[in-house]
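# Fold the stuff below for me.
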Amino acid sequence: MRLQFLGAAQVVTGSSFLLEVANRKILIDCGMFQGAKAVRNLNYRDFLYEPSSIDCVLLTHAHIDHCGLIPKLCKQGFKGAIYATKATVDLCKIMLPDSAHIQESDAEIANRKGQRVGKKTVEPLYTVDEAFEALSQFAPVSYDVDLQITPEVRVVFRDAGHIIGSAILEIYVREEGHTTKLLFSGDLGQPDQPIIKDPTLIHGADYVIIESTYGNRMHQYYNREEKLAEIINDTIDRDGNVIIPSFAVGRTQTLLYYLYKLWKEDKIPNVPVVLDSPLAIAATQIFAKNTQEFDEDSTKMLIAGGSLPEMPHLVIAKTAEESKALNETKGAKIIISASGMADAGRILHHLKHNLWKPETSVLFVGYQAEGSMGRRLIEGVKRVKIIGEEVSVKAKIYNLDGFSAHADRAQIVDWLASIDGPRPHNVFLVHGEPDATEALGEYIGEKLGHSTYIPKYGDTATIHYDKWQVKETDIVIEPAVKELEEFLSLAQADYRQIRRKVFTIVSREPNKLREVVVRLEKVLKYLKKVMNDL
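Model (predicted):
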């Protein structure tokens with residue numbers, strides 16, 4: 001058999017793996033690349049296979065970085081079944097049309113701007129109609145049930161404890177009278193999370209393909225309820241807004257759980273809690289209708305029948321007009337809005353109107369990919385450009401990674417440790433940036449003694465029982481980006497030298513401050529003009 005790594009290889013997003021067995025092709029996930037522009041550009045490349053040649057898709061869960069390119073796959077000729085759990089199918093019914101709406105909107109904006117300077121017309125990755133057409137190919141499956149997808153391959157979906165419907169895939173491949181078990185972790189959840197059950201422990205696997213998002217980190221262990229209450233109370237005492245960029249599926253529902261609990265226990269005041277994301281509202285209703293996947297205590301958060309938590313001060317902003325009005329009304333509020341990495345959606349308007357206010361708190365509760373607005377804010381950037389306008393960052397920025405839906409380094413290794421009888425011949429590390437995957441590989445070797453390998457985009461592993469080898473790719477993803485990084489590194493050195501020089505000048509001759517600032521403003525204005533012309 002051959003396993004090709006077509007996404008989430010030394011990056012967190014774009015999950016996709018092609019398994020070839022006996023002239024059959026099975027695609028595990030077909031996710032969208034997110035984060036920095038160089039990574040997002042991969043969404044527009046041709047697939048490294050003919051879509052019509054794929055026999056079926058196995059989908060681990062409904063997050064866009066795992067399912068977001070399925071409509072493109074179907075648009076280009078894939079006609080087979082897309083197997084996923086019932087909750088994942090339900091979530092994809094809202095996630096994929098929403099993603100398509102974003103694609104159409106982004107293309108419209110790009111074309112409107114591009115026409116002025118004679119640029120070529122941009123086509124969306126797929127349309128809303130094409131997203132709905134793709135949904136007709138979804139086939140719901142149950143957890144813990146054998147599914148024979150080809151004569152040689154059967155699969156069992158196990159609960160991954162990440163979001164509702166998320167799955168670990170046990171794939172059994174029969175070749176030459178011998179069965180080899182592949183184990184795909186998908187996104188592995190933290191144990192002891194509200195609402196979601198713990199990840200299923202798996203006993204035995206020949207090869208493991210495991211996520212490494214937090215492979216070099218340990219989640220902060222603190223009382224999440226107390227920390228959340230502390231941030232909210234401190235912000236409201238300053239008469240500020242709490243702005244929470246949150247992923248519509250998973251993090252939003254966990255936040256509502258905690259906010260409801262804190263309010264019921266009188267630990268936070270009775271201020272408006274605004275859910276400003278149509279997608280998050282729809283996702284919460286799907287969560288409520290799939291309580292069979294909840295842990296017992298969490299069902300108390302929701303009313304039977306798919307309603308939202310019983311908080312009289314919960315405000316639902318369904319329309320864009322209602323969303324914009326939030327920034328014109330006085331009084332402290334807690335605003336939960338998408339997207340979780342603050343790269344698109346309504347959250348941008350709230351950040352534009354609140355980041356410059358020192359009384360504001362911005363609270364991140366999920367992973368922030370390299371290059372995203374969220375990553376830049378938690379790394380301490382002082383100014384950001386939002387919807388064409390530069391905004392100073394004066395708000396308090398918090399990053400509570402303990403709310404993450406991903407397992408950390410220790411939790412990943414604890415889960416791996418349960419896989420014995422047989423022990424894995426190799427562990428492939430995916431879904432992580434290089435520093436995370438490398439650190440996790442070393443830690444796994446130290447703690448468990450397993451062989452590990454970090455594939456690159458396009459690498460292919462040939463597996464034959466207990467023997468495996470990797471043919472490294474000759475695909476060059478973005479050679480221009482590397483060249484640009486080298487240039488910018490030199491430019492940064494020049495900038496540091498200039499910075500030291502002007503500080504020295506002003507410290508010696510304070511009366512030259514205005515002259516220095518005027519000259520630097522001219523340079524900055526020229527640079528902006530040059531960049532706007534690109």
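
# Ramachandran angles for the closest residue to residue 249 other than its chain neighbours?
Distance criterion CB to CB, 6 or more residues apart in numbering; nearest residue to residue 249, sequence neighbours excluded, is residue 283 at 4.6 Å. (Each C-beta comes from the backbone N, C-alpha and C, glycine too.) With angles defined as degrees, to the nearest 10, residue 283 sits at phi -70, psi -40.

# got the contact list for residue 283?
Taking CB atoms under 8 Å, 6 or more residues apart in numbering, we find residue 283 in contact with 91, 94-95, 248-249, 252-253.

# And for residue 238?
Residue 238 touches 358-359, counting by CB under 8 Å, 6+ apart.

# Kindly confirm my reading that residue 315 is in a strand.
Yes: assigned with DSSP: H, G, I helix; E, B strand; the rest coil, residue 315 falls within a strand.

# count of residues packed around it?
Neighbour count for residue 315, taken as other CB atoms under 10 Å: 15.

# Roughly how far does it sit from residue 275?
Residue 315 sits 7 Å away from residue 275, taking CB to CB, to the nearest Å as the criterion.

# circling back: which one of the contacts of residue 283 is nearest to residue 450?
Distances from residue 450 to those, taken as CB to CB, are shortest for residue 249 (31.6 Å).

# How many neighbouring residues does the closest one have?
Using other CB under 10 Å, residue 249 has 28 other residues around it.

# What does the pLDDT read for it?
Among the per-residue scores, residue 249 holds a pLDDT of 74.

# measure residue 219 to residue 389 for me?
Distance, residue 219 to residue 389, by CB to CB: 35 Å.

# Next: residue 254.
To residue 389, residue 254 is 32 Å away according to CB to CB.

# who has more neighbours, these two?
When residue 254 and residue 389 are compared for neighbours, residue 254 comes out ahead with 25 against 8, by other CB under 10 Å.

# Is that one in a helix, a strand, or coil?
At residue 254, secondary structure determined by three-state DSSP is helix.

# Just to check, it is in contact with residue 404?
No: taking contacts as CB atoms under 8 Å, residue 254 lies outside contact range of residue 404: 9.9 Å.

# joint contacts of the two?
By CB under 8 Å, 6+ apart, residue 254 and residue 404 have these common neighbours: residue 365.

# and the contacts of residue 283, which of them are in helices?
Assigned to helices by DSSP state H, the following of the contacts of residue 283 qualify: 91, 94-95, 252-253.

# Pull out the buried members of those residues.
Neighbour-count burial (16 or more other CB atoms under 10 Å) applied to these gives 91, 94-95, 252-253.

# out of the residues you listed, who's nearest residue 38?
Nearest to residue 38, judged by CB to CB, of these is residue 95 at 24.4 Å.

# per-residue confidence at the closest one?
For residue 95, the predicted pLDDT is 89.

# Now do the contacts for the nearest residue to it once chain neighbours are set aside.
Using CB to CB, 6+ apart and skipping the chain neighbours, the partner closest in space to residue 95 is residue 62 (5.3 Å). Residue 62 makes contact with 84, 87-88, 91-92, 95, 163, 165-166, 249, according to CB under 8 Å, 6+ apart.

# Turn the residues you listed into TSV, columns for distance to residue 179.
TSV is the format used below for the contacts of residue 62 (distance: CB to CB, whole Å):
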residue	distance to residue 179
84	24
87	29
88	26
91	32
92	31
95	34
163	31
165	27
166	26
249	35
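
# For those, which entry has the maximal number of neighbours?
Neighbour-wise, the contacts of residue 62 (other CB under 10 Å) top out at residue 166, 31 neighbours.

# Please, where are all the helices along the stretch 201-350 of the chain?
Using DSSP state H, counting those that start in this stretch, the helices of the stretch 201-350 of the chain run over 224-237, 251-264, 278-288, 320-325, 347-354.

# As a markdown table, the ones you listed with distance to residue 199 would be great.
Shown next, in a markdown table, are these (distance: least, CB to CB, whole Å):
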| stretch | distance to residue 199 |
| --- | --- |
| helix 224-237 | 19 |
| helix 251-264 | 16 |
| helix 278-288 | 18 |
| helix 320-325 | 35 |
| helix 347-354 | 29 |
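
# out of those helices, nearest to residue 414?
helix 224-237 (19.9 Å).

# Distance from that closest one to the middle of the chain?
Offset of helix 224-237 from its chain centre (CA atoms, centre = their mean, to the nearest Å): 25 Å.

# Which elements pack onto it?
strand 242-245, helix 251-264, strand 361-364 (3 or more CB pairs under 8 Å, 6 or more residues apart in numbering; DSSP states H and E).

# Return the most buried member of the ones you listed.
strand 242-245 (a mean of 29; mean count of other CB atoms under 10 Å).

# Please name the strands paired to that strand in the sheet, noting orientation.
strand 334-337 (parallel), strand 361-364 (parallel) (DSSP bridges).

# just checking, what's the longest strand in the chain?
Criterion DSSP state E: the longest strand present in the chain is strand 167-175.

# Neighbouring strands - and their directions - for that one?
strand 153-159 (antiparallel), strand 178-184 (antiparallel).

# list the buried ones in that strand?
167-173.

# likewise stretch 19-28?
19-21, 24-28.

# which among the residues you listed gets closest to residue 151?
Nearest to residue 151 among the buried residues of stretch 19-28, counting by CB to CB, is residue 24 at 8.6 Å.

# Would you mind confirming that the closest one makes contact with residue 150?
Yes: counting by CB under 8 Å, residue 24 does reach residue 150; the two are 4.7 Å apart.

# so what's in contact with these two at the same time?
Residues touching both residue 24 and residue 150 (CB under 8 Å, 6+ apart) are residue 55.

# what element comes up after the worst-scoring helix or strand of the chain on mean pLDDT heading to the C-terminus?
Least confident helix or strand, the chain: helix 479-508 with a mean of 73, by mean pLDDT, DSSP states H and E. From helix 479-508 onward toward the C-terminus, using DSSP states H and E, the following helix or strand is helix 513-532.

# by contact count, what packs against that next one?
Packing partners of helix 513-532 (3+ CB pairs under 8 Å, 6+ apart): helix 479-508.

# Nearest spatial neighbour of residue 157, chain-adjacent residues omitted?
residue 167 (4.2 Å).

# in the sheet, who's paired with that neighbour?
Judged by DSSP bridges, the bridge partners of residue 167 are residue 159.

# Make sure residue 234 is actually in contact with residue 360.
No: counting by CB under 8 Å, residue 234 stays clear of residue 360, with 11.5 Å between them.
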